[in-house]
Structure formats: structure tokens, C-alpha cells
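J.: Next comes the sequence, and after it the predicted model I'd like to discuss.
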Amino acid sequence: KAGVTQTPRYLIKTRGQQVTLSCSPISGHRSVSWYQQTPGQGLQFLFEYFSETQRNKGNFPGRFSGRQFSNSRSEMNVSTLELGDSALYLCASSFDTGELFFGEGSRLTVL
Amino acid sequence: KQEVTQIPAALSVPEGENLVLNCSFTDSAIYNLQWFRQDPGKGLTSLLLIQSSQREQTSGRLNASLDKSSGRSTLYIAASQPGDSATYLCAVTGNMLTFGGGTRLMVKP
């Protein structure tokens, strides 16, 4: 059974650009959540989607957005990138509100 | 607002020792608590999930307990090995998932 797949694994952007990250959940999982991990702030919850609907949202500015498709795949977008957006972005999927399974992450560097 | 604290922040032990990692949370209204392991630059690997109605879970050399009333969970690792070296994170699910800051564990051969 394939795990959670995140693409791209690494990317470099410059300030002001935008970025889109993709997450394919484990087959059968309808919940996908996104997290930002930085050395200073640790792991912080961005948002969660379930059956194409945003079910929960963390305390991030509107530059951070996401969506989920009918096949449960999810994307997150960050517009007008800032240096502080450099982080490891992690995606997790779950069958319901149970055990979370994480992908390897997308490491974003903003120059 | 839920706050999750993990103590100690770092721990170094010789191989073979039994050890306990601590996790405390401020709001006892949780659905579950999960322990993860993270290797440098990698994603998180789920170790144990404890539902709010449960008191403990065991997997191999790992045992996690949950005391909702006191807002505490412990992860017990028996007979530690160098391969156990990683950062261990606890996370509680309430309205959203909240992570602790993690405990960096180093097991020396």
C-alpha cells in the first residue's frame, strides 16, 4: 500500500513568487492536513480538508490556501512568498479523525 | 488554546537504558494523542495512537500512556538502541492537531 506522496521534495523560490505543493494521500483516506515545520516555531497546523471541504484552519495569513480534489489529492498554495515561509511543509492523511500518516515533506527555500 | 509541552527537549542515554519521554497538554478535551518519530530532514512516522477513552498502547519496545485528567502522556522506550536516535513528537487532536516541541533523543553505542 503506497504511503503519502508529496511533490516536489525540494524547491527554491524568490520573494514575491508563489508556490504550489501537492499531496497524494493513502488510498481510501479522505482527510488531508497540512503542516509547516520550522526550527523556530516547530510544527504548526495549516489546514485540513475532508471530502473536498476545508474542515479546519490554523492561524496563518490568507497567503496560504489549499484545496482538495474529488480523488482526495490536495494542493496547497503560498502566494507572495516571504523569507519566513522557508520551511518543511508536511502533509498527512487519515481515514477519519484517527491515526495520521505523513509524507516526507516538501522543503521550500525562499531567497 | 491548546498548548503541548515536551520535556526534556533533549536526552542522551547509553544503549540498553530504559527511558521515559514526557508530554503535557493544557486542554483535556481531546479526541486522541499520537506519538511520532522524526529523523533529520524526514517526515513523521507514527509510533502509537491513543484514543481519548484509552489509557495506554503498546507496540514492541514502546509503551505510551495517557492521563487526560492530568493532561499528561508518557512514552516509555525499553532497552534503547542507537537506531532509536531521533526526535520524538507528541500531538493531541482537539479542534485541530497541536504538536509539542519534541524531544531529541540520542542513544550512544
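T.: Received it, and whenever you're ready, just let me know what you need.

J.: residues in chain A within reach of chain B, list them.
T.: Chain A comes close to chain B at residues A:4, A:6, A:33, A:35, A:42-45, A:48, A:56, A:58, A:88, A:90, A:92, A:97-105, A:107, as judged by C-beta under 8 Å from any C-beta of the partner chain. Any C-beta I mention is one placed from the backbone N, CA and C, and that applies to glycine too.

J.: Could you verify that residue B:104 is part of a helix?
T.: No. The assignment for residue B:104, made by DSSP: H, G, I helix; E, B strand; the rest coil, is strand rather than a helix.

J.: Next, count neighbours for it.
T.: Residue B:104 has 17 neighbours, counted by other C-beta atoms under 10 Å in any protein chain shown.

J.: Not including adjacent chain positions, what is the nearest residue to it?
T.: Excluding the flanking residues, the one nearest residue B:104 by C-beta to C-beta, 6 or more residues apart in numbering or on different chains is residue B:10, at 4.4 Å.

J.: Now tell me which helix or strand of chain B has the poorest mean pLDDT.
T.: Evaluated with mean pLDDT, DSSP states H and E, the helix-and-strand set of chain B has its lowest mean pLDDT in strand B:97-99, which scores a mean of 91.

J.: That one and chain A, any residue contact?
T.: Yes. Shown here: strand B:97-99 in contact with chain A (C-beta under 8 Å from any C-beta) through B:97-99.

J.: ok, now how distant is the residue nearest to residue B:104 from residue B:40?
T.: Using C-beta to C-beta, to the nearest Å, residue B:10 is found at 14 Å from residue B:40.

J.: pLDDT score for residue B:95?
T.: We have a pLDDT of 76 for residue B:95.
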